[in-house]
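Enquirer: Sequence and predicted structure are below.
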Amino acid sequence: MAHLIQFILTLVTTSVRSRLSLQAENAALRNQLYLYRKSGQRPRIRPADRLLWCFIAKFWAGWRTALYFVQPRTVTTWQKKRFRDYWRALSQSAKPGRPRISRELRKLIGRMWEANPTWGSPKIVAELAMLGIDVAKSTVEKYQPKRAGPPSPTWRTFLDQHVRNLVSIDFFIVPTATFRVLFVFIVLAHDRRRIVHFNVTEHPTAQWTAQQIVEAFPFDTAPSYLIRDGDGIYGERVTRRIESLGIDEVVTAPASPWQNAYVERVIGTLRRELFDHVIVLNERHLKRLMSSYLDYYHPWRTHRSLNSDAPDGRPVKPVKPCNVVEFPAVHGLRHVYLPKAA
């Protein structure tokens, strides 16, 4: 009896509804009936079915009355997901967000952060703008390296600022063909690895050494600091002469040549490239050899610590390999390579 009453009420209500509403309800019920017939007790809902019910829910207000195989909340969830998928596909159809910057620019920004720890992102943005590179402040901040502590100049920056005011002095010995021992005194400037002064003697004294220091720094060219070892040749007279020039003396620890590494490295270079290949006859011969080698060393010999440059600075001259000419130096022990004259 209840089903009969429900049928009569449905018949009465459908008689006053629009034809479009009846067609929508008929299509909805047919779709659900098809799903049940094809899938069995538990219908298998395909993406096309979800899309159909999303459209039905959008254009038909009474869609809930004809829905039986899922809950209305499920259809609403399908519609929200379709909305998200639509806008995601739309946003990914073109290049999203700002254009990517090149790897070289990312490395440049990172180098600027590391080399200038006290700078902020606006300063780096302004510096890049002066180079014709337009980047956003957020992009610069994105590639800021992580720091464990407060910003501070690096040790390399600290040393570069002070290396110009550092010199080292040291002695080394050279045997002669007559079994005499000659002492070579050198003064090395750290900034460009230049040997600013040298001299040779067979009997070094404190007075002779003090005079060499004065000759090495004429006309107010004295550096701020002078590094030496604790050799007994550097007596009180040498210390007074260094103080009179306004130089602060730094004495290395005993048996610690690594504390005066620059001058020790230069002495090793002189031995490997010059004195291991010749027999020194006398003091005059030794001075002539040293002068010849320094004429090659300062303008031509490259140093890895100077970015493959020479102490006096050596300009790069692009040339084809077939146009390179070889010139002997240091009496043929070393060679210089130059482009062939036109």
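Expert: Great, that's in hand. Numbers count the residues shown, from 1 in each chain.

Enquirer: neighbouring contacts of stretch 320-330?
Expert: Residues outside stretch 320-330 that contact it (C-beta atoms under 8 Å, 6 or more residues apart in numbering) are 273-274, 289, 292-293, 295-296, 300, 334-341. The C-beta positions use only the backbone N, C-alpha and C, and glycine is treated the same way.

Enquirer: Restricted to strands, list the residues you listed.
Expert: Residues of those located in strands (DSSP state E): 334-339.

Enquirer: Centre-most residue in the chain?
Expert: residue 111 (4.8 Å; C-alpha atoms, centre = their mean).

Enquirer: Pretty sure it sits in a helix.
Expert: Yes: applying DSSP: H, G, I helix; E, B strand; the rest coil, one finds residue 111 inside a helix.

Enquirer: roughly how far apart are it and residue 128?
Expert: Per C-beta to C-beta, to the nearest Å, residue 111 is found 12 Å from residue 128.

Enquirer: Strands along the stretch 51-200 of the chain, start to end?
Expert: For the stretch 51-200 of the chain, applying DSSP state E, counting those that start in this stretch gives strands covering 166-175, 181-189, 194-201.

Enquirer: Turn those into CSV, columns for distance to residue 139, mean neighbour count and mean pLDDT.
Expert: CSV is the format used below for those (distance: least, C-beta to C-beta, whole Å; neighbours: other C-beta atoms under 10 Å; pLDDT from 0 to 100):
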stretch, distance to residue 139, mean neighbour count, mean pLDDT
strand 166-175, 40, 18, 95
strand 181-189, 42, 19, 96
strand 194-201, 43, 18, 96
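
Enquirer: The chain - how does it break down into domains?
Expert: 2-91, 103-152, 161-314 (automatic domain parsing).

Enquirer: okay, those, which one's buried deepest?
Expert: Highest mean neighbour count of those: domain 161-314, a mean of 16 (counted as mean count of other C-beta atoms under 10 Å).

Enquirer: What about residue 332? Give its phi and psi, please.
Expert: Phi and psi for residue 332, reported as degrees, to the nearest 10, are phi 90, psi 0.

Enquirer: and it, how many residues sit next to it?
Expert: Residue 332 has 8 neighbours, counted by other C-beta atoms under 10 Å.

Enquirer: Quick check: the gap between it and residue 326.
Expert: Counting by C-beta to C-beta, the gap from residue 332 to residue 326 is 11 Å.

Enquirer: same deal with residue 116?
Expert: 43 Å.

Enquirer: The host helix or strand of residue 208 - contacts with which helices or strands?
Expert: Applying DSSP states H and E as the criterion places residue 208 in helix 206-216. When contacts are defined as 3 or more C-beta pairs under 8 Å, 6 or more residues apart in numbering; DSSP states H and E, helix 206-216 packs onto strand 181-189, strand 194-201, helix 236-244.

Enquirer: Would you format those as CSV with distance to residue 124 included?
Expert: Output for those, formatted as CSV (distance: least, C-beta to C-beta, whole Å):
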stretch, distance to residue 124
strand 181-189, 34
strand 194-201, 35
helix 236-244, 44
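
Enquirer: ok, back up a step: for the helix holding residue 208, give me every contacting residue.
Expert: Counting by C-beta under 8 Å, 6+ apart, 167, 169, 185, 187, 196-197, 199, 201, 226, 233-238, 240-242, 245 sit against helix 206-216.
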